[in-house]
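Colleague: okay, predicted coordinates and the sequence, questions at the end:
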4 protein chains.
Amino acid sequence: MCANRVGEHKQETRIQAKNRAAIKRAALKVFSENGFLGSTLDQIAAACSMSKPNVLYYFSGKEAIHRALLEELLDNWLAPLRHMDPDGEPISEILAYVDRKLQMAQEFPMESRLFANEILQGAPRIEDFIRHDLKDLVDEKAAVISGWVEAGKIAQVDPYHLIFSIWAMTQHYADFEIQVRLILPDGTDPYEGASTYLHTLFVSLLTP
Amino acid sequence: MCANRVGEHKQETRIQAKNRAAIKRAALKVFSENGFLGSTLDQIAAACSMSKPNVLYYFSGKEAIHRALLEELLDNWLAPLRHMDPDGEPISEILAYVDRKLQMAQEFPMESRLFANEILQGAPRIEDFIRHDLKDLVDEKAAVISGWVEAGKIAQVDPYHLIFSIWAMTQHYADFEIQVRLILPDGTDPYEGASTYLHTLFVSLLTP
Amino acid sequence: MCANRVGEHKQETRIQAKNRAAIKRAALKVFSENGFLGSTLDQIAAACSMSKPNVLYYFSGKEAIHRALLEELLDNWLAPLRHMDPDGEPISEILAYVDRKLQMAQEFPMESRLFANEILQGAPRIEDFIRHDLKDLVDEKAAVISGWVEAGKIAQVDPYHLIFSIWAMTQHYADFEIQVRLILPDGTDPYEGASTYLHTLFVSLLTP
Amino acid sequence: MCANRVGEHKQETRIQAKNRAAIKRAALKVFSENGFLGSTLDQIAAACSMSKPNVLYYFSGKEAIHRALLEELLDNWLAPLRHMDPDGEPISEILAYVDRKLQMAQEFPMESRLFANEILQGAPRIEDFIRHDLKDLVDEKAAVISGWVEAGKIAQVDPYHLIFSIWAMTQHYADFEIQVRLILPDGTDPYEGASTYLHTLFVSLLTP
DNA sequence: TATGAATGAGAATTCATTCAT
DNA sequence: GATGAATGAATTCTCATTCAT
């Protein structure tokens, strides 16, 4: 009746993999622009040049496409923070984290906006992820940072707000991209300026 | 035929003022949570305990309610930055701006999310505002900040990214409120911690 | 609770008479342009600068306004034909009928269109009138015309189709006014030309 | 997303052709009885035993169905007059035109009423057609008729009013069909009588 | 796999009418 | 008499989803 869906682990054929990927690519664009409720299957089908029923052959519904996107996104969402090495040089580690987050914003702005849409709408589908996966990781890294503070390796800062500020300032360039582009003088590269600015900012903040 | 609508400037009766305000209050909640497309008149009508046709007696349509909210919002959106005094003490002025923005996030989180929703969706209704009103003001204040830098009164920073970072970090507490609350240890007040953190951050960044 | 309506024969005050007349004038315009179903109370109320509830103070509903108009119209609708004198000079009588009908089309085009709308829509509200009042009168006058034919006073014609043709050609200038105006050379008066043409036509048709 | 609509010229499938035709047939009935504003999609859907959304699968909206009907109608509307041959025998040509118009009224009364409804309502959708296509043709044929008059081949008549009278008297049998049937003695065929009457009328009018 | 066809549930909006003053 | 306020019942149209092939 209907082919491999998320969770059914039959072998995916080449063409299935291709089409599922095309659908997800299209859906990411649509969902990130309009939010879940504001997006329609028609838009997604049009964006990947498939018929609506064919899209539904690959995913059981609009919700399922969205879930698939979110799952993939969340898998990658934690990586940059997870990489922060408790045994590394604190300021370098933090700057490296900032860089990775900024790079993700630059390379995957639609994913960032998909996430932002979810949170803005009260995180109905990812509350569990935030409450557990994300919170556990943040708690862990906050403890690391607190350790660095106590060891006098970085200046006194609240680790939670430090992390929030990194998220806010990096994701801002993806989520508010339009505003950033409209306001920055023409020809200015947002990410280049952002990188320099953020380095300065965190170095001055964290240097003990 | 239908009650005074935006643009018709007959004197508003008591009951009209009350109902229009109730509708806007309800609509702000609904729009800020679901975005324009994701919101329905049913939700708005339910949220203000009115019948749908009665809501439409006061506003000519969903779009008109949204427009009214946005117009009111934009009127206030520029105020905090506008207050930044070129003749004041630079670091105090910037910190005061941060405080005002943070206070707005705390007092008007739904307005912040309404704005965020608009930007996330490509700013279809407020591009003009950003391109002109907001950009002009930012340009003006960026020049002021550059003046302060050149005068050696604050450290060397890019004024545009400085402003973006203030927006990002303050609005984050409203726009990503759920995430912030889910991650911060129980009993912690986000805005108190944020205020302290941001002061430290900008003092260390800007002190020459 | 509510003032004199059709059928209630209390004395009408000056202002009531004025308002009822204003409503009917407005409604005639609206109904004749849009038909019964296509017209709205809003349009009527706007056209007579009254509030909708006030219109309904004078007439119990949309249907009642329409009924009142139709009743008045039908009262006058038969008059021209009724005037045709069995004892008059046949051709003069018929030409006089044509003239009266043409004059009515010119003076009361909206009434003609109101009637045309009714007939076009299957005469739901005036079937009785047509079936009885109008048919009886037509039968009577058809007999008169047949008498004239038999007496050799006018040429041999079917009296029913003769009457239909008078209706068709005179009402046409009211009902299809737009088309007539768009097609006639600029500056031509439709009714002047029509009068001449119809005289010629009926004289040549009827002269034995 | 949706089936071929007017203007998209993909090959129509069998079932599409069938359904589109069924919708148009139903809509013609409904629109010709109630006018555009007075007709509802519900009526049309019911009249062709389809669900409302399915009707909208074939036409993008109520307006589109109406437009399709009107376009088809106008295509055929000019044909009878166009056939009038400048080189034919004048009276025969005119009588033949009358016959064709009368036949159209008999065979396509709903189309005639659709047209009448449009004109009655001020020709909002076909003003252009009348002002250009129809007027040009009438001007052309009026010139032909004038030629015949000047050549002494037919009696002196105004060609425009001649044409109007043909329209009026033939379309009358379709547009006012109900009235005609209610008034004519039972068992009388309207079109038979009309044909005879009109022949007599135009022969006596036009014979020099 | 893929798609044309179909639909029930809902969305925005209109409209005749009623209520209350 | 007059009107601001309110609403139930349509009405047009959209959309996720299903059916049949």
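Modeller: Received, thanks. Numbering: from 1, shown residues only, chains lettered A, B, ... in the order given.
Colleague: what's the longest helix in chain A?
Modeller: helix A:14-38 (DSSP state H).
Colleague: and that one, what's buried?
Modeller: Across helix A:14-38, burial judged by 16 or more other Cβ atoms under 10 Å in any protein chain shown covers A:19-20, A:22-24, A:26-38. Quick note: C-beta positions are derived from backbone N, CA and C, even for glycine.
Colleague: packing partners for it?
Modeller: The helices and strands touching helix A:14-38, judged by 3 or more Cβ pairs under 8 Å, 6 or more residues apart in numbering or on different chains; DSSP states H and E, are helix A:41-47, helix A:52-58, helix A:62-77, helix A:109-120, helix B:14-38, helix B:109-120.
Colleague: 6 Å - rerun?
Modeller: Packed against helix A:14-38 by the contact rule (3 or more Cβ pairs under 6 Å, 6 or more residues apart in numbering or on different chains; DSSP states H and E) you find helix A:41-47, helix A:52-58, helix A:62-77, helix A:109-120, helix B:14-38.
Colleague: neighbours of A:E111, how many?
Modeller: The local packing of A:E111 (other Cβ atoms under 10 Å in any protein chain shown) involves 21 other residues.
Colleague: one more: A:A96?
Modeller: Count around A:A96 with other Cβ under 10 Å applied: 16.
Colleague: in what helix or strand does it lie?
Modeller: Following DSSP states H and E, one finds A:A96 within helix A:90-107.
Colleague: up against DNA strand E, what does chain A have?
Modeller: A:3, A:13, A:15-16, A:19, A:50-54, A:57 (Cβ under 7 Å from any atom of the strand).
Colleague: least confident pick among those?
Modeller: Taking pLDDT as the measure, those have their low point at A:A3 (43).
Colleague: if we can go back for a sec, next, the buried residues of the helix holding A:A96.
Modeller: Those buried within helix A:90-107 under the rule 16+ other Cβ under 10 Å are A:90-91, A:93-98, A:100-102, A:104-106.
Colleague: please apply the same query to stretch A:148-156.
Modeller: A:148-149, A:154.
Colleague: can you get me the start-to-end distance on it?
Modeller: Stretch A:148-156 stretches 9 Å from its first residue to its last (Cα to Cα, to the nearest Å).
Colleague: now it: how far from the chain's centre is it?
Modeller: 29 Å (Cα atoms, centre = their mean, to the nearest Å).
Colleague: got it, and stretch A:140-151?
Modeller: On Cα atoms, centre = their mean, the centre of stretch A:140-151 falls 24 Å from the chain's centre.
Colleague: can you check stretch A:65-72 too?
Modeller: On Cα atoms, centre = their mean, the centre of stretch A:65-72 falls 12 Å from that of its chain.
Colleague: contacts for it?
Modeller: With Cβ atoms under 6 Å, 6 or more residues apart in numbering or on different chains as the test, stretch A:65-72 has contacts from A:6, A:24, A:27-28, A:36, A:59.
Colleague: that stretch near DNA strand F at all?
Modeller: No - between stretch A:65-72 and DNA strand F, judged by Cβ under 7 Å from any atom of the strand, nothing touches; the nearest distance is 8.3 Å.
Colleague: tilt between the stretch of helix or strand A:W167 belongs to and helix B:159-175?
Modeller: Assessed by DSSP H and E, A:W167 sits inside helix A:159-175. Relative orientation of helix A:159-175 versus helix B:159-175 (axes from the mean of the first three to the mean of the last three Cα atoms, to 10 degrees): 110 degrees.
Colleague: what helices or strands is the following helix or strand past helix A:159-175 leaning on?
Modeller: Of the helices and strands lying after helix A:159-175 in sequence (DSSP H and E), the nearest is helix A:177-183. Packed against helix A:177-183, as judged by 3+ Cβ pairs under 6 Å, 6+ apart, are no other helices or strands.
Colleague: name the nearest residue to A:V203, ignoring sequence neighbours.
Modeller: A:I91 (6.7 Å; Cβ to Cβ, 6 or more residues apart in numbering or on different chains).
Colleague: near chain B, which residues of chain A are found?
Modeller: With Cβ under 6 Å from any Cβ of the partner chain as the criterion, chain A comes near chain B at residues A:34-35, A:37-38, A:113, A:116, A:119-123, A:130-131, A:135, A:138, A:158, A:160-161, A:165, A:168-169, A:172, A:176, A:178-179, A:182-184, A:193-194, A:197, A:201, A:204-205.
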